[in-house]
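A.B. asks: what follows is a predicted protein model with its sequence.
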Amino acid sequence: RSSSEPLKTFSGAKLVLLDRDGVINVDRGTWVLSAEEFEFIPNVPRTIADLHRQKKKIAVVTNQSCLGRGMITQDTLERIHTKMQETIKREGGEINSIHVAPDTPSEASHRRKPGPGMLIEAMQLHDIAPEDAVMVGDTINDMLAATRADIRAKVLLCTGHGRERGEKLKQKGIQLPVLVATGSEEEFEVPSEICPVWICEDLPSAAE
């Protein structure tokens, strides 16, 4: 069902879990292999700063199989994340922790999404229960990881891998944000396992 209610998922959350590529930065279609290739989605640093000022903890939970494949070093990944943090700090915000799953899909541990490992790790680190967390991602796997970590509050974005979903919804005349309740998953082409789930345009509009 469509809804113009504010996203209570954000207002009530103590911990905001963010996927990285396609949520914070532009998804290039390939891996981000250098700090130069890391480009923020417009207005995201300011949004993260706003969430920080609301006294929310913010954790990034990101699959980075480029590390496991040897395409990038740990040092380079840290440089990418330093650039991300410095830009957000200039806006007055902070990411409290960054959790990385370096596993390749063929050798995935429970930490690699759709496994819940990184999300559980972040909740334990910040001592926050699943009912006080919200997961924001651009893929079904992000939402499945949240479901498997017992996180009910989920936001699926139409940036990154979600762009095609966003276009389809627009063609159907569906306005965002929209809350997909259990029973209406077929209309929105999402698996019932992830419902209820909010679908939003991007992180700034979701957090408004």
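C.D. replies: Nice, thanks for sending it over.

A.B. asks: and stretch 96-115, how far from the chain's centre?
C.D. replies: 14 Å (CA atoms, centre = their mean, to the nearest Å).

A.B. asks: what about stretch 66-81, start to end distance?
C.D. replies: 15 Å (CA to CA, to the nearest Å).

A.B. asks: and it, what's buried?
C.D. replies: Buried residues in stretch 66-81, counted by 16 or more other CB atoms under 10 Å: 66-68, 72, 76-77, 79-81. All C-beta atoms are positioned from the backbone trio N, CA, C, and that covers glycine.

A.B. asks: between the residues you listed, which is nearest D27?
C.D. replies: C66 (13.2 Å; CB to CB).

A.B. asks: secondary structure class for the closest one?
C.D. replies: helix (DSSP: H, G, I helix; E, B strand; the rest coil).

A.B. asks: need the next SSE after the longest helix anywhere in the chain, C-terminal direction.
C.D. replies: Criterion DSSP state H: the longest helix present in the chain is helix 74-90. Sequence-wise, the next helix or strand downstream of helix 74-90 (DSSP states H and E) is strand 97-101.

A.B. asks: from the contact counts, what lies against the very next helix or strand once past that following strand?
C.D. replies: Moving toward the C-terminus from strand 97-101, the next helix or strand (DSSP H and E) is helix 117-126. Applying 3 or more CB pairs under 8 Å, 6 or more residues apart in numbering; DSSP states H and E, we find helix 117-126 packed against strand 15-18, strand 57-63, strand 97-101, strand 133-137, helix 140-148.

A.B. asks: quick one: contacts for N141?
C.D. replies: Residues counted as contacts of N141 (CB atoms under 8 Å, 6 or more residues apart in numbering) are 63, 113-114.

A.B. asks: rewinding a little: just send the helices and strands packed on helix 117-126 back as JSON lines, with distance to A181 and mean pLDDT too.
C.D. replies: Below are these laid out as JSON lines (distance: least, CB to CB, whole Å; pLDDT from 0 to 100):
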{"stretch": "strand 15-18", "distance to A181": "22", "mean pLDDT": "98"}
{"stretch": "strand 57-63", "distance to A181": "25", "mean pLDDT": "98"}
{"stretch": "strand 97-101", "distance to A181": "30", "mean pLDDT": "97"}
{"stretch": "strand 133-137", "distance to A181": "17", "mean pLDDT": "98"}
{"stretch": "helix 140-148", "distance to A181": "14", "mean pLDDT": "98"}
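
A.B. asks: thank you, goodbye.
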